[in-house]
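**Student:** sequence and predicted structure, then a few things I'm wondering about:
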Amino acid sequence: MSKSTTLRKTLATALTLAVSSFQATVAPVMARTMPRVAGELFVVGPVILNGTAAVSGITVFSDSRLQTRPNGSATVNLGKLGRVELGPGTEITLRFSAGVVGGNLLSGWAVFSAPAGVGISVATATGVAASDTKQPAVLTVDVTCGNTRVAASRGEVMVTSGHGVEPVKGGQEVTVGAQNPGPGYRCNPLKRPGVSKKALSPAPLAALLLLGVGGTAGGVVASGSTEPVSSKFP
């Protein structure tokens, strides 16, 4: 009986070691072979991708830093996830996964388009704009004047700031924060067809709860600094 028990323990140990060895060998291979979500970049004029001059047709992955010069613009085609259009003088850390498109907008302006089933979550220094996944959404986020302006051309967006959370429906616009344009810069109104201005109500918050994105938009933390705001992306 003692020999039988010893044999079972030996076999169990050998089996455990074999499984561990298999996992250690196969896991890295699976990680390399699993397709990554990626987009295709189209540029007009000078555009910088992760510190290097970009050309049209290059592949863009999540967490990429994109910068358009004052005479440049860019579009990132994300296929079934939608697309992102960047205006001149824009800098953004672009983030996207199977269920969300967005990132941290540091300067300039961008237009985000997503179909139903994909959420949008864009963080700035003064607020967060997030859509749900129930319907297609198109929104413009503009920080050229130091504040954050969000215009929903389609769908409904939740804009969160230190003053509260406000729903913005298609055709409306919300401004968060005070204007602080650079020297000699003139703040022009957002020119988006069918968009009317809407004041953000100062509803108090017990805590600044930020919506992340996944099945329902939820999980980005806004900051009062100019540093990027972190988002919970896979």
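**Tutor:** Ah, there it is. From a predicted model like this one, the values you see are computed outputs, not experimental measurements. Residues are numbered from 1 along each chain as shown.
**Student:** which parts of this structure belong to which domain?
**Tutor:** For the chain, automatic domain parsing gives the domain ranges 1-34, 38-198.
**Student:** would you mind finding the most buried of those domains?
**Tutor:** Most buried of the domains of the chain by mean neighbour count (mean count of other Cβ atoms under 10 Å) is domain 38-198; its value is a mean of 19. For the C-beta atoms, the positions are set from N, CA and C on the backbone; glycine is no exception.
**Student:** OK, contacts around residue 149?
**Tutor:** 140-143, 173-176, 190 (Cβ atoms under 8 Å, 6 or more residues apart in numbering).
**Student:** residue 145 sits in which helix or strand?
**Tutor:** Under the criterion DSSP states H and E, no helix or strand holds residue 145.
**Student:** now residue 112. Nearest residue, chain neighbours left out?
**Tutor:** residue 120 (4.8 Å; Cβ to Cβ, 6 or more residues apart in numbering).
**Student:** by mean pLDDT, which helix or strand of the protein comes out lowest?
**Tutor:** Here the helix or strand of the chain ranked lowest by mean pLDDT, DSSP states H and E is strand 196-198, holding a mean of 43.
**Student:** would you turn the contacts of residue 149 into JSON lines with secondary structure, pLDDT and distance to residue 88?
**Tutor:** Below are the contacts of residue 149 laid out as JSON lines (DSSP: H, G, I helix; E, B strand; the rest coil; pLDDT from 0 to 100; distance: Cβ to Cβ, whole Å):
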{"residue": "140", "secondary structure": "strand", "pLDDT": "94", "distance to residue 88": "14"}
{"residue": "141", "secondary structure": "strand", "pLDDT": "95", "distance to residue 88": "15"}
{"residue": "142", "secondary structure": "strand", "pLDDT": "94", "distance to residue 88": "12"}
{"residue": "143", "secondary structure": "coil", "pLDDT": "93", "distance to residue 88": "13"}
{"residue": "173", "secondary structure": "strand", "pLDDT": "90", "distance to residue 88": "20"}
{"residue": "174", "secondary structure": "strand", "pLDDT": "88", "distance to residue 88": "23"}
{"residue": "175", "secondary structure": "strand", "pLDDT": "88", "distance to residue 88": "21"}
{"residue": "176", "secondary structure": "strand", "pLDDT": "84", "distance to residue 88": "22"}
{"residue": "190", "secondary structure": "coil", "pLDDT": "65", "distance to residue 88": "15"}
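**Student:** list just the nearest of those residues to residue 106.
**Tutor:** For the contacts of residue 149, the closest approach to residue 106 (Cβ to Cβ) belongs to residue 143, at 7.5 Å.
**Student:** I figured that closest one was touching residue 122, is that so?
**Tutor:** No - the pair residue 143 / residue 122 is not scored as a contact, 9.8 Å apart, by Cβ atoms under 8 Å.
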